[in-house]
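> just to be clear, the model below is a prediction. Sequence and coordinates:
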Amino acid sequence: MGDYKFAKDKLAEVVGALKDYEVFAPAAVGDVLRFKEVEDASSVSFDFKNTNVPPKELMFPETETLFKFRVGKTDIEPAVPDESKKRLVFGIRPCDAMAYTIVEKLYSWDYPDPYFEKRRESSVLFGLACSEPVPNCFCTSLGGGPGSEQGLDALMFDLGETVYVKTITDAGDTVAKAMGLEAAADAEKKAAAAQEKDALGKIKRSIDTEGIPEKLPSLYDHPFWEQFSDRCLSCGICTFLCPTCHCFDIQDEMEAFDGRRARMWDTCMFPEYTLHTSGHNPRPTRKERTRNRISHKYSYFPEKFDVIACVGCGRCINYCPVNIDILDILEKSKQAEAKEAKTA
Amino acid sequence: MMDESNPYLPYIVNIEDAWYETPVGDRAVKTFKVNFKDEKVWDTWSHKPGNCAMVGRLGIGESMFCISSSPTEEGYLRFSIMQAGKVTSALHDLEAGDTMTVRGPLGNSFPMEEWEGKNILSIGGGIGQAPLRPVINYVRANKDKYGNLSVLYGARTSDLHCFKSEFQEYQEEGTECHLAIDIEEEGWKNFVGFVPDLLLDVAPSPDNTIAVTCGPPILIKFVTQGLERLGFTADQIYTTLEERMKCGIGKCGRCNVGSLYVCKDGPVFSYATLKEIPEAFA
């Protein structure tokens, strides 16, 4: 594919040139940085490490309507998004783009999910390579990296005054052309490669995942889980802000005679998540819930889809109010002596 | 099959008949006999014993229930539902002539083809008979394909037996049928005791036999132990699991036991499979 560049002070013009696209880019909403539809191209900036809220919300919103109905009527009006307009996700970090490639395995599994797929198919992803990874980044342990291209249509490198754009897919190339970008020279390519090498050296945390998916089930009854679950508050932030966490609840809502069935993010860290109507709860305490969160990401998901459901973005570590560290849990799991899995 | 382009959209069904299996009140069981509002759905609908469906009401929600009729009972679906929470209470308010929603068929099914030529032993307790009923009726409708059918069933009291008149039919057909109640009652001539005790009392032979059991978790646990004592191997024993569910199609996450989603990989599991999953009996 192509190699392009633009002067960084022309960022607003480049983004503003895209009339046929809905452009989404990181924006501050109060204290929170998250992806928002760009209304004013001059507000787009590369001055961020990563968004607090991962851009998973662009593919599966916090709350979305599945269908609508009216009281007393049996007509059901589906609310599948009409994505006739192309969407450009501008400035997504490589880890978050890689997360889409993981989550879409689940959403396209057997019963394709039209809500997720419509949005995913109509989205072009312009990634922004990381030059300054944050202290808890460990993407390289999961097959990603500051310049990973997985899931992306184009990858941008902020080289200071110039932005180098490497297009990866036809869709990415089409957008680059629509932006009116000029061709890059060898100098930009070399600078990008040097920046990537430098960024790789700044990733300080890692985990050797070899053997973890196979070993975790044997640690089902191991007391080491309690070292972490004992201080867990069940707040769920590790899951809500995880780019690969995809679990949802479904609720009916009424407003006068208008009703909708909606789905919303849910979390395996809440007791209600698995609570039976009978009162029985298969995961009654934080121990079972912590174990399920880690086991789902590092054992159950790879068993089904051949990939670990974690991209090493570090958000669950950065935002945990009681400093529970997934790498610490994984290291402890490797040291833990496997016990015989207990059955009923 | 349901709308392949959108697995979240339910069918509207008309309730043709509805009746209580057990006395009206707390935790009563009500059976609904339903038909699709759009009868053309039957052209593409196909389910097997063990399959489930999301049953609900618009504006209230939906919950997962087994389809308690066999595909050999044509022209309708049956659901037998115990009143327990929000959705089931709202469903119990419905009568013949009302509509509800059905989304399905979902989940796996009992491997009826694999079991051809074998004896089928059904062991149920309480509302746990609902997923066993389609197995029994499927075998009754395909008598030449299976060996002997025997049915063991119990509930706390005789009032709480579901599908009462049907056990009579089984017996009249010559099906071996053993009924139990937990507590002594005047006039009760059959077994008194828990279903696992009934099983050991009847002591069926494991030779060329598949045992299917469903009931409260405690029943499944002790019936399984009883079957092993009688010489049944883990791959001769089948049960169904239940967990809280929302999507029913393996996406919303909550119904997993280990790496298996009960909604999609289940609800039917052999004991041989479940033995390997520590969370299966959590």
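Alright, I've got the coordinates.

> anything in stretch B:214-232 near chain A?
Yes: in this structure, stretch B:214-232 sits against chain A according to C-beta under 8 Å from any C-beta of the partner chain; the contacting residues are B:P217, B:K221. Yep, even glycine has a C-beta here, placed from its N, CA and C like the rest.

> no wait, stretch B:30-39
Yes: for a cut-off given as C-beta under 8 Å from any C-beta, stretch B:30-39 has contacts with chain A, namely B:K37.

> do the same with stretch B:55-72
Yes: with C-beta under 8 Å from any C-beta as the criterion, chain A is reached by stretch B:55-72 at B:L58, B:G59, B:I60, B:G61, B:E62, B:S63.

> could you export the residues you listed as JSON lines, including pLDDT?
As requested, those are arranged in JSON lines below (pLDDT from 0 to 100):
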{"residue": "B:L58", "pLDDT": "97"}
{"residue": "B:G59", "pLDDT": "96"}
{"residue": "B:I60", "pLDDT": "96"}
{"residue": "B:G61", "pLDDT": "97"}
{"residue": "B:E62", "pLDDT": "97"}
{"residue": "B:S63", "pLDDT": "97"}
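
> so which of the residues you listed wins on neighbours?
In terms of neighbours by other C-beta atoms under 10 Å in any protein chain shown, the residues of stretch B:55-72 next to chain A top out with B:L58 at 26 neighbours.

> all strands of the stretch 1-150 of chain B, in order?
Counting by DSSP state E, counting those that start in this stretch, the stretch 1-150 of chain B has strands at residues B:11-20, B:29-36, B:52-57, B:61-66, B:77-82, B:99-106, B:119-125, B:149-155.

> how far is the second one from where the chain is centred?
The chain centroid and the centroid of strand B:29-36 are separated by 14 Å, computed with C-alpha atoms, centre = their mean, to the nearest Å.

> SS state for A:K36?
In the three-state summary, A:K36 is assigned as strand, counting by DSSP: H, G, I helix; E, B strand; the rest coil.

> ok, it - contacts?
A:F24, A:A25, A:P26, A:A27, A:V29 (C-beta atoms under 8 Å, 6 or more residues apart in numbering or on different chains).

> you'd agree A:I324 is up against A:C238?
Yes: judged on C-beta atoms under 8 Å, A:I324 makes contact with A:C238 at a distance of 7.3 Å.

> name the element A:T239 belongs to?
Under the criterion of DSSP states H and E, A:T239 resides in helix A:237-240.

> could you list the buried residues of the helix or strand following that helix?
Per DSSP H and E, helix A:237-240 leads on to strand A:248-255 as the next helix or strand towards the C-terminus. Burial within strand A:248-255, assessed by neighbour count using 16 or more other C-beta atoms under 10 Å in any protein chain shown, is assigned to A:F248, A:D249, A:I250, A:D252.

> still on that earlier bit, out of the strands of the stretch 1-150 of chain B, which comes closest to A:E196?
Proximity to A:E196 (C-beta to C-beta) singles out strand B:99-106 among these, at 46.3 Å.

> not counting sequence-adjacent ones, nearest residue to B:L219?
B:G125 (4.3 Å; C-beta to C-beta, 6 or more residues apart in numbering or on different chains).

> next: B:G126.
With C-beta to C-beta, 6+ apart, the residue lying closest to B:G126 is B:A155, at 5.0 Å.

> who's in contact with that neighbour?
Under the criterion of C-beta under 8 Å, 6+ apart, the contact partners of B:A155 comprise B:G125, B:G126, B:H161, B:C162, B:A180, B:I181, B:D182.

> can you point me to the longest helix in chain B?
Of all the segments assigned as helix in chain B under DSSP state H, the longest by residue count is helix B:217-229.

> which of the residues in that one are buried?
Burial within helix B:217-229, assessed by neighbour count using 16+ other C-beta under 10 Å, is assigned to B:P217, B:L219, B:I220, B:F222, B:V223, B:T224, B:G226, B:L227.

> chain center to it, what's the gap?
Relative to the chain's own centre, helix B:217-229 is displaced by 17 Å; criterion: C-alpha atoms, centre = their mean.

> angle of that helix against strand B:149-155?
Angle between the axes of helix B:217-229 and strand B:149-155 is 140 degrees (criterion: axes from the mean of the first three to the mean of the last three C-alpha atoms, to 10 degrees).
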